[in-house]
Every structure is written in C-alpha cells, then in structure tokens.
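Asker: turn this into a structure:
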Amino acid sequence: MVIWKKATSLVAFLEAYPRDILLYRLTLLLLVFYHPPSWVAEVPIRIAVLFMFFSRKLSRNRWLWLIVFVGFSIYTARYWYNVDNHKYLINYWVGACFISTLFKDRLQVLKINAHLLIVLTFLFALFWKLTSPDFLSGDFMQYHLLTDSRMQYINTALVGITPEQFLDKRLLLQFLSISPNLETKVTLDSAPRLHLVALLFTYITLAIEMAVLFTFSLKKAPLFQQVKDYTLLLFIFALYSVIPVTGFGFILSILGIAQLEQGEKKKFGLYFLAIIVMQLASRLSILDIVSRDLSI
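Answerer: Below you'll find the predicted structure:
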C-alpha cells in the first residue's frame, strides 16, 4: 500500500510538471542511452545534456536543440543504409523538439508532431507488412523464430524446439555466412507447430498495429479518443517487454506521453510504467527467467 501511494504521488508530480520540459528531458535521456555510435552525434548530445538537465530555460534553448538535431541528422544521412528504423523515428522527433522551441506554444507543436509520427509509423509499418508476401505467409516470423535469440524461449515453450536444436540452427547459419556454398542446403524447419505459431504471431502483430493506426487516425471519434492510448500501450507491452528493442519502445512511449491531454493521469502513468518495464526487460529477459540464468 505504501509503495502504491508513493507511485501515485510520483505520477501526480510528473503529470503536473511542465509538460514541454518533461518531454525534452525524457528525449535527452533516450539519447543518452541510445545515441548513434558516432562522435558527430554523441558529442552534441553530451554537451546539450550537460546544460539542459540543470536549467529549465536551457532545456528549451533552440540552439542546443539545433546542435543535437544537426549532429543526429549528419549521422543518419551518412549511414542511412545501416540505420535502424527507430533511429529515423528518433531523428524526426528530435527535429520536432527543435522546431517546437521556435514557437510560443511549444507543447501544442510537440503534441501535433507526436500524434503525426505515431500515425505515420504504423501506417508505413502496415504498408510494408501488407505488401510483403514473405510476411503475410508467416515466413518472415518463422525465420526470426528460428534465428533470433530473443525468441528462443517461445521456441521452447510453444514450438517444441530445444535450446540445443536452436543453437545448432544458429551455428549452421553462421557457418554458411562464413563459407557460402551453393551446393550446401540447410533445413531449418523441423518442428510441426512452427509454421502455425509463426502465423499466429504474424496476424496478432497485424491486428494490434491496425488497431493503433485506426484509433489514432480517427481520434476525434469519442470511442477511439478513449481507447487509442490503450492500443498503443498494448503494442508496447506485448512486444517490447518480451522482445526488448528498448530504443523503439522508449520513443513510442515518449510520443504517447506527448500527445496526451493534461489530466490523463492513468494513461500517463502507464506510459511511464512501460518505460520502466522495458528497462527491466532489457536486463532481465524472459529467456533468463525461463533458463533460470539470473546471474549478476
């Protein structure tokens, strides 16, 4: 009970905090942990953080945000072919943070951009999935179930592939990548339930992403206005608490907070809870719990 009261007091304090400053500092926190691995972006971020976290006025400084945005953009442009999609999203949001400092109503600019980025993110994600035969057939998800170590516990629990078999498949793929040979073939599909599980995960993902897109696109409808944040939270909790792509989940949570109306404390608290859960998942995955590997 005491912990619950402390948590609700903290949420109330953060919800009442100047929203633009909170969003700027959450974004800086995200950049500190998940900045691009290049000095051209890392140095401006460190300089900006040094000043912005100690002054509300400097948190809104357009020149500091411009430096961060330019540094991040230079990195993205230089390595565009190798940059993860969530880093593009973060780059756009950093640009929105800079643009907001040019206006008197900074929070409204942030709110509009956050909502737009959520809609565009899920629109393009669905477009890619619906136009990719490999995804709709379940082949994409099946490949990742067989090769992605973050999904190993799913294989063990639902598919029936043992950890030893999973490791064997990864070693075979690694061998072929080192010594490619057109005459050598490797069969990865060896579990009867694998394709069924892959299809299940494929269409659950599609359903949740469609729900997020429709509710945010049609947010003026009273029903969608009430449930839109819960669809996004469902997506974040369902995906990023078990497959910890923390940078993507973190930026989606920030965008979710940014587009909230003042006074939506429950949704606000859930977005913060999502950030905490993702941080825990990144260090203590379900795979560790299943395998009982809780070593420090």
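Asker: and the contacts of stretch 201-208?
Answerer: 126, 129-130, 135-136, 138, 140-141, 145, 231, 234-235, 238-239 (C-beta atoms under 8 Å, 6 or more residues apart in numbering). Where C-beta positions appear, they are placed from N, C-alpha and C, glycine not excepted.
Asker: buried subset of the residues you listed?
Answerer: Leu126, Lys129, Phe135, Gly138, Phe140, Met141, Leu145, Thr231, Phe235, Leu239 (16 or more other C-beta atoms under 10 Å).
Asker: how close does Thr121 get to Phe33?
Answerer: 20 Å (C-beta to C-beta, to the nearest Å).
Asker: of these two, which one has the most company?
Answerer: Thr121 (23 against 11; other C-beta atoms under 10 Å).
Asker: what sits closest to the more buried one if chain neighbours are left out?
Answerer: Spatially, and ignoring its direct neighbours in sequence, Thr121 is nearest to Leu89 (6.1 Å; C-beta to C-beta, 6 or more residues apart in numbering).
Asker: is that neighbour within a helix or a strand, and which one?
Answerer: helix 85-100 (DSSP states H and E).
Asker: could I get the buried residue list for that helix?
Answerer: 86-87, 89-100.
Asker: quick one: contacts of the helix or strand following that helix?
Answerer: Following helix 85-100 in sequence order, the next helix or strand is helix 106-130 (DSSP H and E). Outside of helix 106-130, the residues within contact range by C-beta under 8 Å, 6+ apart are 19-20, 23, 60, 89, 92-93, 96-97, 99-100, 103, 135-136, 205-206, 209-210, 212-213, 216-217, 219, 232, 252, 254-256, 258-259.
Asker: how about the contacts made by the nearest residue to Phe248 once chain neighbours are set aside?
Answerer: Spatial nearest neighbour of Phe248, excluding adjacent residues (C-beta to C-beta, 6+ apart): His86 at 3.8 Å. His86 is in contact with Val245, Gly247, Phe248, Ile251, counting by C-beta under 8 Å, 6+ apart.
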